[in-house]
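Student: The sequence isn't on hand, but the structure is:
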């Protein structure tokens, strides 16, 4: 089976000749359809830059990124906008919900932009709201929701179009431990039950332990990877902690 995502020898530089920073240094890997992959690394390691390049928020300096049969690095203008709309789903740390729209309207917006009929939008919004356990807050505005509810509404918005790839940037970063666990269980449900392909950046080992594979980035390079396989989540968590220690990370940040 062909991987759904292929990262080939990508590099990313910032600055100019007098002050050049190499944020990504010749990284290559693949992600199969239905995988749940976490990316970990210390602050400044390049993990967020990597996600930004995959998400088309930023452009690579060299190399190529392929999603399905599309060379993402070659897209521009309307083609790029259409690609983002149809192929990618985003979950941000700070939710990025529109305050003047209800939960229902925030989720429905992605479908409205695609020109879907109102009856089909209603069906899909209610379906994804049930999957993520937010049916009871569909009529509430973001200021009336808890942090966990807002993040699950944001996750529903990301998945409602059934994108090829869901990109999550520190999705539990603004949540308490109970809300984080609930959100991660819902994300895992999307991966297991709906075969959603998910790539998540996190600094948190507990969050990463919900993934099926973890890539570790150090100084812009792919440092190591571990695969959960048949391990329990606790066993996988312990392995992640071991690598975080090897990376020279602060264990207090990882727990």
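Tutor: Thanks, I have the structure now. Please read all numbers here as calculations on a predicted model, not as lab measurements.
Student: from here on, contacts and neighbour counts on C-alpha atoms
Tutor: Will do.
Student: mind checking the SS state of residue 150?
Tutor: helix (DSSP: H, G, I helix; E, B strand; the rest coil).
Student: in this structure, which ranges drop under the pLDDT threshold?
Tutor: 1, 249-255 (pLDDT under 70).
Student: What ranges does it have for its helices?
Tutor: Under the criterion DSSP state H, helices of the chain are mapped to 47-54, 77-87, 103-113, 118-131, 147-159, 177-194, 205-208, 233-247, 251-254.
Student: Please render those as TSV that adds mean neighbour count to the earlier fields.
Tutor: What follows is the helices of the chain, written out as TSV (neighbours: other C-alpha atoms under 10 Å):
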stretch	mean neighbour count
helix 47-54	22
helix 77-87	14
helix 103-113	21
helix 118-131	16
helix 147-159	26
helix 177-194	17
helix 205-208	23
helix 233-247	17
helix 251-254	12
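Student: Would you format the ones you listed as a markdown table with distance to residue 40 included?
Tutor: Compiled in a markdown table, these are given as follows (distance: least, C-alpha to C-alpha, whole Å):
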| stretch | distance to residue 40 |
| --- | --- |
| helix 47-54 | 7 |
| helix 77-87 | 24 |
| helix 103-113 | 29 |
| helix 118-131 | 27 |
| helix 147-159 | 20 |
| helix 177-194 | 16 |
| helix 205-208 | 8 |
| helix 233-247 | 9 |
| helix 251-254 | 10 |
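Student: and of those helices, who's closest to residue 33?
Tutor: helix 177-194 (10.1 Å; C-alpha to C-alpha).
Student: just the angle between that closest one and helix 147-159, please?
Tutor: 20 degrees (axes from the mean of the first three to the mean of the last three C-alpha atoms, to 10 degrees).
Student: which residues sit against helix 177-194?
Tutor: 34-36, 131-132, 147-148, 151-152, 155, 172, 196-198, 207, 210-211 (C-alpha atoms under 8 Å, 6 or more residues apart in numbering).
Student: One more pass at 6 Å, please.
Tutor: Helix 177-194 has contacts (C-alpha atoms under 6 Å, 6 or more residues apart in numbering) with 132, 148, 172, 196.
Student: Perfect, I'm done here.
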